[in-house]
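[1] Quick one: sequence plus predicted model below, questions after.
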Amino acid sequence: MHLFTEGFDRLTHAYVQLLRVAFALSPSVGIGYLLFFQDPDQHYASLAFHELAIAVAIVTSLFITVVTWRCYQASGEPLLRWLTLAFLGFSVIYAPHGLFTSHAAHHPILFLIYGPVSRIVMNAFLLIGILSFGEAAHAPAERRSRRFWLGWLAAFLVLDLVLGGFAVSPAAQALALRQGLEWSAFGLAVGGLFLMWRRSAGLPLFAIYALSLAMFAQSSLSFILSSAWNHQWWLAHAISAAGFLLLSYGVLRAYQTTRSFSTVYSQEVIMRQLESANEQLTLLATTDVLTSTANRRHFLERAASELARCRRNATAVSLIVIDLDHFKRVNDTWGHQAGDAVLGFVARQIDGMLRGSDLLGRLGGEEFAVLLPGTQRQDAIVTARRICEHVGNEALIYGDVSIRVTLSLGVAEFPANGETLDAIYGEADRQLYAAKAAGRNRVMPSA
């Protein structure tokens, strides 16, 4: 059943990955369809609709720029700084594409050049953002640097002017100019996807980041295959908008939660963290921190449960109670830290001699106990003697001194020595004190 569950879980994870790939590549279906079946004579040249669409895109981009910038101010995450510049650069450079819509017929390069360049700038900053992932957060003064932000804003405005001057020059009339720019945007998007695959961040918002880059790459491909105002051209805009909106959603999720792009967790990640936290809490609640054995409460609960099971099945269970001899001398001679080291050392020595079904616990101070399910007293005495001899022959090297300790052990069995846990523990404790009274470093009863 366990193997079936593991196999089914792997199948569901593989299916999720398949869905992501299918969604990321879904625009290619439309691109391929229009490539082979669109009517080259059909165009939709609506200047007003184009200007409205560009205006909406710019306003949205500026809004997301502010949201991303505020996230960066809160977290200082380098990735968010480059995302801010990606949205800002896109907004400033893409705006003339809308402003020059009315010049589409007379100056087509002036109209068209700003689109691919805005995508180049955006994809470049997205790629730089991936490269910066994992870097230390920027200091507050660096985040608020007006010189940095105004410098980049000025650079984008200068680029607008340079592109405008270039677009009306004879050098801009080359037929392959737009395709070359789109291929550059395509390469940057694919490069970002490759880097994300290599880094395998595995964070939920990075899945959105990757999907957006996939959309941007296919948008550039669609622009390469299009001419102005035909159906492929409009599809390219729609694909680019889809990627932009996806990335905007990721930023908004960051803003609404942690203000950080890398610490917004999915339900799956949260569940894994909760499971890990619960495991840690369980470990802390059941384990003696000093010796890494069961603590008193957990040991007695397990012992009571095992006793009830043995009572139902009419089987035996034995209990060994162990005390370190003259342990006070260790603390008085070498200090309490040495005493703690001795307790951990003895616990490891005892645990190494037990079966997987046995349970070792620290009841308090220098007193330990071992629960031996399915074991009669005679066999438990044999185990206790082996523990006594082994620990007595071993030495703990503490600093430049060698510390040896001996043990006194008492053994009792259910049901031979009692029907309740208190009775069994009481008998084992009496045998322990008998061992101490008889000279220590021994097991009682002796046979």
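    Alright, I've got the coordinates. Numbers count the residues shown, from 1 in each chain.
[2] State the helix or strand in which residue 370 lies.
    Using DSSP states H and E, residue 370 maps to strand 367-373.
[3] What mean pLDDT does that strand get?
    The average pLDDT within strand 367-373 is 94.
[4] before we move on, what about stretch 120-138?
    Per-residue scores along stretch 120-138 average to 92.
[5] Likewise for stretch 161-178?
    The model assigns stretch 161-178 a mean pLDDT of 84.
[6] Same check on stretch 250-258?
    The pLDDT scores in stretch 250-258 average 84.
[7] Run through who's touching it.
    Around stretch 250-258, the neighbours that count as contacts under C-beta atoms under 8 Å, 6 or more residues apart in numbering are 64, 67-68, 70-71, 75, 80, 83, 205, 208-209, 212, 260-261, 264. All C-beta spots, glycine's among them, are computed from the backbone N, C-alpha and C.
[8] Packing partners of the longest helix seen in the chain?
    Secondary structure of the chain per DSSP state H: the longest helix is helix 2-37. The contact analysis (3 or more C-beta pairs under 8 Å, 6 or more residues apart in numbering; DSSP states H and E) places helix 2-37 against helix 204-224, helix 231-256.
[9] closest to residue 409 out of the ones you listed?
    Smallest distance to residue 409 across the helices and strands packed on helix 2-37 (C-beta to C-beta): 55.0 Å, for helix 204-224.
[10] CA atoms only for that closest one - export them in CSV, please.
    Provided in CSV are the C-alpha atoms of helix 204-224 (Å, rounded to 0.1, in the frame of the first residue of the first chain):
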residue,chain,number,x,y,z
PRO,A,204,5.6,29.1,-6.1
LEU,A,205,6.1,32.6,-7.5
PHE,A,206,9.0,31.4,-9.6
ALA,A,207,6.6,29.1,-11.4
ILE,A,208,4.7,32.3,-12.4
TYR,A,209,8.0,34.0,-13.3
ALA,A,210,8.9,31.1,-15.6
LEU,A,211,5.4,31.0,-17.2
SER,A,212,5.7,34.8,-17.9
LEU,A,213,9.1,34.3,-19.5
ALA,A,214,7.6,31.5,-21.7
MET,A,215,4.8,33.9,-22.7
PHE,A,216,7.3,36.7,-23.5
ALA,A,217,9.4,34.3,-25.6
GLN,A,218,6.4,33.1,-27.7
SER,A,219,5.1,36.7,-28.0
SER,A,220,8.4,37.7,-29.7
LEU,A,221,8.2,34.6,-31.9
SER,A,222,4.7,35.7,-32.9
PHE,A,223,5.9,39.2,-33.7
ILE,A,224,8.7,37.8,-35.8
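[11] domains of the protein?
    2-35+44-273, 287-444 (automatic domain parsing).
[12] export those domains to TSV and tack on distance to residue 279?
    Shown next, in TSV, are those (distance: least, C-beta to C-beta, whole Å):
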stretch	distance to residue 279
domain 2-35+44-273	11
domain 287-444	11
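[13] Output the ones you listed as JSON lines; include the columns distance to residue 280 and mean neighbour count.
    As requested, the domains of the chain are exported to JSON lines (distance: least, C-beta to C-beta, whole Å; neighbours: other C-beta atoms under 10 Å):
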{"stretch": "domain 2-35+44-273", "distance to residue 280": "10", "mean neighbour count": "17"}
{"stretch": "domain 287-444", "distance to residue 280": "10", "mean neighbour count": "18"}
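[14] of all the contacts of stretch 250-258, which comes closest to residue 220?
    residue 212 (13.0 Å).
[15] which regions of this protein sit below the pLDDT cut-off?
    The model of the chain has pLDDT under 70 over residues 1-5, 174-175, 200-204, 262-274.
[16] In it, mark out all the strands, start to finish.
    Assigned by DSSP state E, the chain shows strands spanning 317-324, 359-364, 367-373, 396-398, 401-403, 407-414, 442-444.
[17] need those in a markdown table with distance to residue 243, can you?
    Shown next, in a markdown table, are the strands of the chain (distance: least, C-beta to C-beta, whole Å):
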| stretch | distance to residue 243 |
| --- | --- |
| strand 317-324 | 66 |
| strand 359-364 | 58 |
| strand 367-373 | 61 |
| strand 396-398 | 64 |
| strand 401-403 | 68 |
| strand 407-414 | 69 |
| strand 442-444 | 75 |
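[18] ok so, going back, nearest to residue 340, of the contacts of stretch 250-258?
    residue 260 (40.4 Å).
[19] any idea where the helices of the stretch 1-150 of the chain begin and end?
    Taking DSSP state H, counting those that start in this stretch, the helices of the stretch 1-150 of the chain run over residues 2-37, 47-75, 78-99, 108-112, 114-132, 140-143, 146-167.
[20] by contact count, what packs against the last one?
    Counting contacts by 3+ C-beta pairs under 8 Å, 6+ apart, helix 146-167 is packed against helix 78-99, helix 108-112, helix 114-132.
[21] now the angle between helix 114-132 and that helix, please.
    On the basis of axes from the mean of the first three to the mean of the last three C-alpha atoms, to 10 degrees, helix 146-167 is oriented at 140 degrees to helix 114-132.
[22] mind saving the C-alpha coords of stretch 433-443 as PDB?
    C-alpha atoms of stretch 433-443 as PDB (Å, rounded to 0.1, in the frame of the first residue of the first chain):
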ATOM      1  CA  TYR A 433      18.800  -0.300  45.600                       C
ATOM      2  CA  ALA A 434      19.600  -3.900  46.500                       C
ATOM      3  CA  ALA A 435      22.400  -3.700  43.900                       C
ATOM      4  CA  LYS A 436      23.700  -0.500  45.400                       C
ATOM      5  CA  ALA A 437      23.500  -2.000  48.900                       C
ATOM      6  CA  ALA A 438      25.500  -5.100  47.700                       C
ATOM      7  CA  GLY A 439      28.400  -2.900  46.500                       C
ATOM      8  CA  ARG A 440      27.200  -1.300  43.200                       C
ATOM      9  CA  ASN A 441      28.400  -2.100  39.700                       C
ATOM     10  CA  ARG A 442      26.100  -5.100  39.500                       C
ATOM     11  CA  VAL A 443      22.600  -6.400  38.500                       C
END
